[in-house]
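S.K.: Just the structure for this:
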Amino acid sequence: MVDEADLHTALPHLAADRPAFIGTHAELAGPVDAATAQLASGDWKSYATYLQSRPDEAELLAIRMMFSLCREYRFRLHIVHLASALALPELQAAREEGLDVSVETCPHLSAS
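M.R.: As a prediction, this is how the structure comes out:
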């Protein structure tokens, strides 16, 4: 698990000789930590509780951060396990902008 500062440190070295390929499970800790704290008394054996602990915001903010880094360091970006359909318009816009972005999905379905 790395944060934006770690990526700013590593990316100039990774992309120095040739374009780097970065795969990321895009999820920022802040929104996940906040959601998890609100669910402290939740039923953690319930899949619904897990789903609530992974807000769309965690993925969307991480993807936006990765796009920004991709613009700066010009690497190939692959988003693994995309769960939020809310990111699809932004992914399309990034491709139209010329960013080298690919994605695979991993839907988190409700158990109900």
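S.K.: quick one: contacts for P19?
M.R.: 74-76, 100 (CB atoms under 8 Å, 6 or more residues apart in numbering). C-beta coordinates here come from the backbone N, C-alpha and C atoms, glycine included.
S.K.: For L61, state which of those is nearest.
M.R.: The shortest approach to L61 among the contacts of P19 belongs to F75, at 19.1 Å (CB to CB).
S.K.: quick one: pLDDT of the residue nearest the centre of the chain?
M.R.: Nearest to the mean C-alpha position of the chain, by CA atoms, centre = their mean, lies A26 at 1.6 Å. You'll see A26 listed with a pLDDT of 93.
S.K.: residues touching it, list them.
M.R.: 59, 62-63, 65-66, 79, 82.
S.K.: Among those, which lie within helices?
M.R.: 59, 62-63, 65-66 (DSSP state H).
S.K.: Could you say which of the residues you listed is surrounded by the most neighbours?
M.R.: Compared across the ones in helices among the contacts of A26, I63 has the highest neighbour count, 25 neighbours, by other CB atoms under 10 Å.
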